[in-house]
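**Q** Sharing a model prediction with you, sequence too.
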Amino acid sequence: MIRFNSALLANAAEFTGKYAPYQGIELAPAPGGGVYVTSTDKGNIAFFGYDAAGEADQCVVVFPTADLIKHCRGIKTADRELRISDGLGKVTTFRKSSSEVKETPVQFSSVPFPELGPVIQTIVDYWKNQAPLSSTCGSYDSNYVAKALKCLGSQGDSVCISSFDGGPMRLQLPGEQQVVLVMPQEKIPVPALPQWLQLYGTSRKTEERTMNKDF
């Protein structure tokens, strides 16, 4: 049985690839409890989600089918939980005075998920060994950041991003002909690297990463 915040699965579906082994989303037990939700597209981009209150008794890879994602997608007015058991997914929407359950089949992949654990450990070690350039960063309105990326991204395949000490975020094309500045909402301490991400892949061995079609 696997149980966790369904919105993590819907978000992870945004970062899957078109071909195996990148089509699936890995659901895995985390060290000390909780559930990891991971996806990637050929290593160009990767999503890591973690539900500390979730439960998982094995590691599986699921396909983000249209019906499954439709039921799992997060909403602002309620919490949603996905429970997978015996090949069936049950998404429960918890409202203040009621709850709603929708069921949908879950398709499992027989292709192993890419081994990202060693990659993450290399990145984490690199970050830990670097002297911090600043103790503060900016908190930016996500709508403005998305607007800037959409504007510049429509004119080039690459966007340069830089920000210092919580000041304006500078986005520009490599050709230096256009610059967008996103002003910070506030200056805050640089967020700590989540402990759960530091532990990703540290306690699982390749032979333990099983994909069970009969789960």
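**A** Nice, I can see it. Numbers count the residues shown, from 1 in each chain.
**Q** contacts, neighbours, all on C-alpha from now
**A** Noted.
**Q** Quickly list what residue 84 is bridged to.
**A** Taking DSSP bridges, one finds residue 2, residue 89 as the beta-bridge partners of residue 84.
**Q** Going forward, the N-terminal residue is numbered 10.
**A** That works, and once the first residue is 10, the last one we named lands at residue 93.
**Q** Helix, strand or coil: sort out residue 210 for me.
**A** Secondary structure, DSSP: H, G, I helix; E, B strand; the rest coil: residue 210 is coil.
**Q** That one and residue 83: what is the separation?
**A** Counting by C-alpha to C-alpha, to the nearest Å, the gap from residue 210 to residue 83 is 26 Å.
**Q** what stretches of the protein score poorly on pLDDT?
**A** Scanning the chain for pLDDT under 70 picks out 212-224.
**Q** again, only using 50
**A** 214-223 (pLDDT under 50).
**Q** Helices of that one, start to end?
**A** Ranges of helices within the chain are 15-21, 75-81, 126-138, 151-162, 204-207, based on DSSP state H.
**Q** Buried residues, the last one. List them.
**A** Translated: helix 204-207. Neighbour-count burial for helix 204-207, counted by 16 or more other C-alpha atoms under 10 Å, picks out 205-206.
**Q** For that helix, name the packing helices and strands.
**A** Using 3 or more C-alpha pairs under 8 Å, 6 or more residues apart in numbering; DSSP states H and E, the elements in contact with helix 204-207 are helix 126-138.
**Q** what's in contact with the helix it packs on?
**A** The contact list for helix 126-138 (C-alpha atoms under 8 Å, 6 or more residues apart in numbering) reads 206-207, 209-211.
**Q** Turn the helices of the chain into CSV, including distance to residue 175.
**A** Conversion of the helices of the chain to CSV gives the following (distance: least, C-alpha to C-alpha, whole Å):
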stretch, distance to residue 175
helix 15-21, 27
helix 75-81, 35
helix 126-138, 19
helix 151-162, 14
helix 204-207, 23
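**Q** most packed of these?
**A** helix 15-21 (a mean of 22; mean count of other C-alpha atoms under 10 Å).
**Q** quick one: it to chain centroid distance?
**A** 8 Å (C-alpha atoms, centre = their mean, to the nearest Å).
**Q** and if you look at stretch 87-103?
**A** For stretch 87-103, the distance to the chain centre is 18 Å (C-alpha atoms, centre = their mean).
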